[in-house]
Every structure is written in C-alpha cells, then in structure tokens.
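Student: Below are the sequence and a predicted model for it; my questions follow.
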Amino acid sequence: MEEYFDPRIYIAGELGIGLNSCSNCLGNCYIEDESAYGTFHVGLGRNIALGGVQNAKGHFDLVCREPDIFTDNRQIMDRGKIIAPEPVLY
C-alpha cells in the first residue's frame, strides 16, 4: 500500500456485514467473499463509487470470517452468526 504514495489509501471508507447465505468466502471473487454470510469487511482507500469522498489511488478490501461484532455496546454477531440483540428497557 505504501507504493501508492497516497495517505488516503489507509482511510476506511466502507464497512460491511455479509448476509448472503448463498455466497461462499473462498478467495476466488471479492464481491462474493465480502457478501458471504458470517463475514465482515472493511474497505480502505477509494470510495467515490459508493458515494463517498475519498478519491484515493486505490481500494483494498479486508475480509474477516466469523467475527464478533458489537454496536452501541450490544453484540449483533457472535463468531459469524447474527444474534438478536437484547431489548432496551427505558
């Protein structure tokens, strides 16, 4: 990534949770890998095609299989499985 000589290449411009149960994460096709159920991905660099503002000289997707994901101090994915969040009591 250093060879791009563009500091914007290190900016996370895309985050995604894979929900497609028909996709496989085999390393053959990045679109299928990043959409496969039980994955999470971060896209670094250019994101203008997605409506973003980073016109970096490249784009890299990093895919993680079977992640634990938390949002607002609640777990929504446990080892790649979507889990129902606990209800919030007001």
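Tutor: Looks like it arrived, so ask away.
Student: When you work out contacts or count neighbours from here on, use the C-alpha atoms and nothing else.
Tutor: OK.
Student: same for the lowest-mean-pLDDT helix or strand in the chain, what does it pack against?
Tutor: The weakest-scoring helix or strand in the chain, judged by mean pLDDT, DSSP states H and E, is helix 30-35 (a mean of 90). Of the remaining helices and strands, those touching helix 30-35 by 3 or more Cα pairs under 8 Å, 6 or more residues apart in numbering; DSSP states H and E are strand 12-17, strand 39-45, strand 59-65.
Student: partners of the last one, with directions?
Tutor: Applying DSSP bridges, strand 59-65 is found paired with strand 39-45 (antiparallel).
Student: looking at the sheet around residue 78, what are its partners?
Tutor: Counting by DSSP bridges, residue 78 is bridged to residue 81.
Student: Might you calculate how far the least confident helix or strand of the chain sits from the centre of the chain?
Tutor: 10 Å (Cα atoms, centre = their mean, to the nearest Å).
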